[in-house]
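Colleague: My questions are about this predicted structure, shown below with the sequence.
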Amino acid sequence: MTASVISIGDELLIGQTVNTNASFIAAELNLAGIQVRSILTIADDKDDIRNALQQASRQSGIVIITGGLGPTNDDITKNTLCEYFGSTLILHKPSLENIRKLFYQRGMKITTVNRNQAMVPHNCTVIKNTLGTAPGMWFRKDNVHYFSLPGVPFEMKALITGGVIPLLAKLNISSPIIHKTILTIGIGESALAELISGWENKLPDHIKLAYLPEPGIVKLRLSCYQAGSGETKKTFEAEVKKLKKLIPGLIYGYEDDTLAGVTGKMLLKKQASIATAESCTGGLIAHLITAVPGASEYYKGSVIAYDNDIKSKVLGVNKKLIEKYGAVSEEVVIAMAQNVKKIMATDYALAVSGIAGPAGGTAEKPVGTVWVACATPEKTLTQKLSLGNNRERNIKRASLAALNLLRKQL
């Protein structure tokens, strides 16, 4: 059984709202063993909705629709569904009670418009929406299952995970799919593809590999289809092990691991502490570290030495070093790391200084030139990065490179 997703809303088509609903639904369906054939984004238009339903039903046995169920005149999905399924609207008393409860909790009075949200097509099965006023609706026609859900993201997510997915599981129409996401750093997508091409080319037909690059990292997602048999699972696990052996130093984690979280666990295991000194990254390294729950156990603090005077007056970097080598240099970043380590009395320290761009570069030090340093109890290691001219990407990649330098030492 495959699925199609239909997202309804003019705001999606004009770029005012990013369609995160579709990506969430697709991910949840895939995890449930249902492959998504298509994702359609359409306007709040009766003909467009009807055509999309017809197209989706030809492709898939499951159609999930989001949007257009609000109380205002531009929300036309429900009436269009009535026409498509030959329905008439009736009052769904449990939905009305839910609306009354929600409005009472908010100290608001129900209007006629709000009450109308409890009107549903007579031939649908209602899926209770405890977080909002528009209920979900389940239709069946010509062996196709249709689910219409509100477009408000937190309401839709609750209805998918608590309503749609359990219903589909009871219908027993999915075939198991296993996913494994391997997180790599320190290598680009094309170089990584070349490195593992021999292994990739020998993968069995039921195992697929996807490259998911982000600034500074590349995610490898292995998917095993028809994973119901024990033998198929064993084959999948064997391929994952082969990949681990191929690129052990490039893998920093799996699934939802973060680089900061992985390094944090290593610091905890060593009972070690760390501080940071940042220039061009402006505190992003500190943010990534402190975004991890429990970071206070090992993270002491940061000096954001954006200005050269702060590098010398607060961090104690010798002015002569800056004058001779420049703020973006191996010598200065070493001093930044060693000095913040002393100031905060930590076991480790990270420092970064660079030209994030888009301006400020020279022929000798073009935009994207970044130095990172990691001071350990025994030594200080450095790395020079030559990045591009995109400021946001450079800041992210430099921060991850610094954390990865720490990871390798740990």
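Modeller: Done, it's in. Residues are numbered from 1 along each chain as shown.
Colleague: so where do the strands sit in the stretch 151-300 of the chain?
Modeller: Secondary structure of the stretch 151-300 of the chain by DSSP state E, counting those that start in this stretch: the strands cover 178-185, 207-214, 217-224, 251-254, 274-278, 299-304.
Colleague: export these to JSON lines and tack on mean pLDDT, distance to Ala349 and mean neighbour count?
Modeller: Yep, even glycine has a C-beta here, placed from its N, CA and C like the rest. Putting those into JSON lines (pLDDT from 0 to 100; distance: least, Cβ to Cβ, whole Å; neighbours: other Cβ atoms under 10 Å) gives the following:
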{"stretch": "strand 178-185", "mean pLDDT": "93", "distance to Ala349": "20", "mean neighbour count": "19"}
{"stretch": "strand 207-214", "mean pLDDT": "92", "distance to Ala349": "26", "mean neighbour count": "14"}
{"stretch": "strand 217-224", "mean pLDDT": "93", "distance to Ala349": "23", "mean neighbour count": "20"}
{"stretch": "strand 251-254", "mean pLDDT": "96", "distance to Ala349": "20", "mean neighbour count": "18"}
{"stretch": "strand 274-278", "mean pLDDT": "98", "distance to Ala349": "5", "mean neighbour count": "29"}
{"stretch": "strand 299-304", "mean pLDDT": "98", "distance to Ala349": "9", "mean neighbour count": "19"}
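Colleague: In CSV: these, plus distance to Gly316.
Modeller: As requested, those are arranged in CSV below (distance: least, Cβ to Cβ, whole Å):
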stretch, distance to Gly316
strand 178-185, 31
strand 207-214, 36
strand 217-224, 33
strand 251-254, 32
strand 274-278, 10
strand 299-304, 10
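Colleague: All the helices of the stretch 51-200 of the chain, in order from the start?
Modeller: Assigned by DSSP state H, counting those that start in this stretch, the stretch 51-200 of the chain shows helices spanning 77-85, 93-105, 112-115, 153-159, 165-171, 189-195, 197-201.
Colleague: Can you tell me which of those helices is nearest to Ile217?
Modeller: Closest to Ile217 of those is helix 189-195 (Cβ to Cβ; 9.9 Å).
Colleague: neighbouring contacts of that closest one?
Modeller: When contacts are defined by Cβ atoms under 8 Å, 6 or more residues apart in numbering, helix 189-195 is touched by residues 184, 187, 200, 211, 213, 218, 220, 246-247, 250.
Colleague: try stretch 397-410
Modeller: Counting by Cβ under 8 Å, 6+ apart, 185-186, 215-217, 249, 252, 259-260, 262-263, 266-267, 270, 272, 274, 276, 280-281, 284-285, 288-289, 348, 350-352, 354, 356, 370, 372-374, 376, 381, 383, 385, 387 sit against stretch 397-410.
Colleague: Going through these, which ones are buried?
Modeller: When neighbours are counted using 16 or more other Cβ atoms under 10 Å, the contacts of stretch 397-410 contain these buried positions: 185-186, 215-217, 252, 259-260, 262-263, 267, 274, 276, 280-281, 284-285, 288-289, 348, 350-352, 354, 356, 370, 372-374, 376, 383, 385, 387.
Colleague: hmm, which helix or strand of this structure has the shakiest average pLDDT?
Modeller: For the chain, using mean pLDDT, DSSP states H and E, the weakest element among its helices and strands is helix 112-115, scoring a mean of 86.
Colleague: So which elements touch that helix?
Modeller: For helix 112-115, the packing partners by 3 or more Cβ pairs under 8 Å, 6 or more residues apart in numbering; DSSP states H and E come out as helix 93-105.
Colleague: Quick check: Val113 vs Leu89, distance?
Modeller: Here the distance between Val113 and Leu89 works out to 14 Å (Cβ to Cβ, to the nearest Å).
Colleague: Compare these two (neighbour count), which wins?
Modeller: In terms of neighbours (other Cβ atoms under 10 Å), Leu89 is the more surrounded of Val113 and Leu89; the figures are 15 against 11.
Colleague: and the closest residue to that one other than its chain neighbours, how many residues sit next to it?
Modeller: In space, Leu89 comes closest to Met119 once its chain neighbours are excluded; the distance is 4.3 Å by Cβ to Cβ, 6 or more residues apart in numbering. For Met119, the neighbour count with other Cβ under 10 Å is 17.
Colleague: what's the answer for Ile6, then?
Modeller: The number of residues packed near Ile6 is 25, by other Cβ under 10 Å.
Colleague: Quick check: which element contains it?
Modeller: Mapping Ile6 onto the secondary structure by DSSP states H and E places it in strand 2-8.
Colleague: Would you mark the buried spots in that strand?
Modeller: 3-8.
Colleague: do the same with stretch 319-337
Modeller: For stretch 319-337, burial by neighbour count (16+ other Cβ under 10 Å) applies to 321-322, 326-337.
Colleague: Among those residues, which ones are in helices?
Modeller: 321-322, 330-337 (DSSP state H).
Colleague: Of these, just say which sits nearest to Arg393.
Modeller: Each of those was scored against Arg393 by Cβ to Cβ, and Val333 proved nearest at 20.0 Å.
Colleague: doesn't Trp371 make contact with that closest one?
Modeller: Yes: taking Cβ atoms under 8 Å as the contact criterion, Val333 and Trp371 are neighbours in contact, 4.2 Å apart.
Colleague: shared neighbours, the two?
Modeller: Counting by Cβ under 8 Å, 6+ apart, the residues touching both Val333 and Trp371 are 352-353, 382.
Colleague: Which of these lies at the shortest distance from Ile173?
Modeller: Val352 (51.4 Å).
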